[in-house]
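1. Below is the structure, and that's it, no one-letter string:
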């Protein structure tokens, strides 16, 4: 399914792929999720607020792009480990993780500790 307002996405097929987009409850993460769904990927919207994610996933699905919410805090190691695919969704795999998490603690990537 290609979103009608984004016809160029037809050249970027993600049919049959599953993408987890962190930070997709708003802003750039949400737009990335919409574009990926518009290219055919089943998009798992991620953020900490399930109540925020579900209506966004429903709107993407209503536009013809497969999407669902998957709420957990990516900064919590146990939550990350437990989140996927524990919820029983039928895709059963993850093809593309997309990390779009805001961070105000700026360092070169190699300067971050695992806890950060």
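-> Okay, I see it. As the structure is a computational prediction, the values presented were derived from the model and not from experiment.
2. what's near enough to touch the residue nearest the centre of the chain?
-> Centroid check for the chain by Cα atoms, centre = their mean gives residue 21 as the closest residue, at 2.0 Å. Residue 21 makes contact with 29, 32-33, 36, 43-46, 98, 100, according to Cβ atoms under 8 Å, 6 or more residues apart in numbering. All C-beta spots, glycine's among them, are computed from the backbone N, C-alpha and C.
3. Select from these the one having the most neighbours.
-> In terms of neighbours by other Cβ atoms under 10 Å, those top out with residue 43 at 34 neighbours.
4. Let me know the helix or strand that it is in.
-> In the assignment (DSSP states H and E), residue 43 maps to strand 42-47.
5. same question, residue 37
-> Assigned by DSSP H and E, residue 37 falls in helix 27-38.
6. Now that helix: average pLDDT?
-> Helix 27-38 carries an average pLDDT of 92.
7. ditto for stretch 69-87
-> Mean predicted confidence for stretch 69-87 is 77.
8. How about that stretch, which residues are buried there?
-> Of the residues in stretch 69-87, 69-72, 74, 83-84 count as buried by neighbour count, 16 or more other Cβ atoms under 10 Å.
9. Check stretch 24-35 too.
-> 24-25, 29-30, 32-35.
10. In contact with the closest residue to residue 69 other than its chain neighbours, which residues are there?
-> Leaving aside its chain neighbours, residue 69 sits nearest to residue 53 (3.1 Å; criterion: Cβ to Cβ, 6 or more residues apart in numbering). Listed by Cβ under 8 Å, 6+ apart, the contact set of residue 53 reads 24-25, 45-47, 69-71.
11. quick one on the thing from earlier: could you point out the bridge partners of the residue nearest to the centre of the chain in the sheet?
-> Note on residue 21: beta-bridge partners residue 45, residue 98, judged by DSSP bridges.
12. before we move on, the earlier item: from the contact counts, what lies against the helix holding residue 37?
-> Applying 3 or more Cβ pairs under 8 Å, 6 or more residues apart in numbering; DSSP states H and E, we find helix 27-38 packed against strand 18-21, strand 42-47, helix 50-62, strand 96-98.
13. so which of those gets nearest residue 79?
-> Closest to residue 79 of those is strand 42-47 (Cβ to Cβ; 10.6 Å).
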